[in-house]
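Asks: Just a sequence and a predicted model for now, questions to come.
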Amino acid sequence: MTTDITKMTRKEFDAVPDRAWAQDIGEFDSLVVLPQRRHHDSGYRCMDFVACKEGSPLYRLSGCSDALHIDGIGGFGKWEPPNLPASVKPRGWSIDCLPVSGLLRLFSREYMTAGPALSSFEIFAIEKEAPSV
């Protein structure tokens with residue numbers, strides 16, 4: 001299997017292993033969207049996602065989501081109730097289309113982390129740590 005996401009086929013993305021249900025995969029730097037043929041109860045198609053780091057796939061995430069919420073539901077970033085932030089720092093979100101598979105890749109200037117595998121799938125940008133000197 002190719003491990004460079006720019007050279008991977010859709011079939012290779014489909015073969016990326018799933019994360020365990022409650023597994024925290026830590027930080028990643030891009031997310032590839034894999035639309036599925038099956039439909040969610042909402043009537044929209046389900047999506048899987050592949051978390052990637054440094055151009056290589058890590059794990060497939062979700063599998064039952066019909067919506068992707070960037071910086072969480074409402075776009076408020078990762079926060080702990082009841083402390084809803086008044087604003088979210090700009091993260092420089094971008095989307096491109098991978099050359100071989102044709103799948104969409106989402107990335108930002110920051111690292112990302114993912115919420116649990118639910119109908120509404122959340123990803124969050126998190127600060128990159130400054131390199132130690």
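Replies: Good, I have the coordinates.
Asks: Nearest residue to the middle of the protein?
Replies: Centroid check for the chain by C-alpha atoms, centre = their mean gives residue 31 as the closest residue, at 3.8 Å.
Asks: so what's that one bridging to?
Replies: Beta bridges link residue 31 to residue 51, residue 106, judged by DSSP bridges.
Asks: check contacts around it.
Replies: 49-52, 61, 105-107, 112, 114, 123 (C-beta atoms under 8 Å, 6 or more residues apart in numbering). Any C-beta I mention is one placed from the backbone N, CA and C, and that applies to glycine too.
Asks: how about 6 Å then?
Replies: Contact analysis of residue 31 by C-beta atoms under 6 Å, 6 or more residues apart in numbering lists 49, 51, 106.
Asks: so the first one, which of the three states?
Replies: It refers to residue 49. Under DSSP: H, G, I helix; E, B strand; the rest coil, the three-state class of residue 49 is strand.
Asks: quick one, what contacts the residue nearest to it when sequence neighbours are not counted?
Replies: Among residues not flanking residue 49 along the chain, residue 61 sits closest, at 4.5 Å (C-beta to C-beta, 6 or more residues apart in numbering). Contacts for residue 61 (C-beta under 6 Å, 6+ apart) come out as 19, 49, 51, 114.
Asks: Show me where this structure dips below the pLDDT cut-off.
Replies: 1-2, 21-23, 63, 75-77, 85-87, 117-119, 128-133 (pLDDT under 70).
Asks: Skipping its backbone neighbours, what lies nearest residue 97 in space?
Replies: Of all residues not flanking residue 97 in the chain, residue 104 sits nearest, at 5.9 Å (C-beta to C-beta, 6+ apart).
Asks: burial measure for the one you found, as a count.
Replies: 14 (other C-beta atoms under 10 Å).
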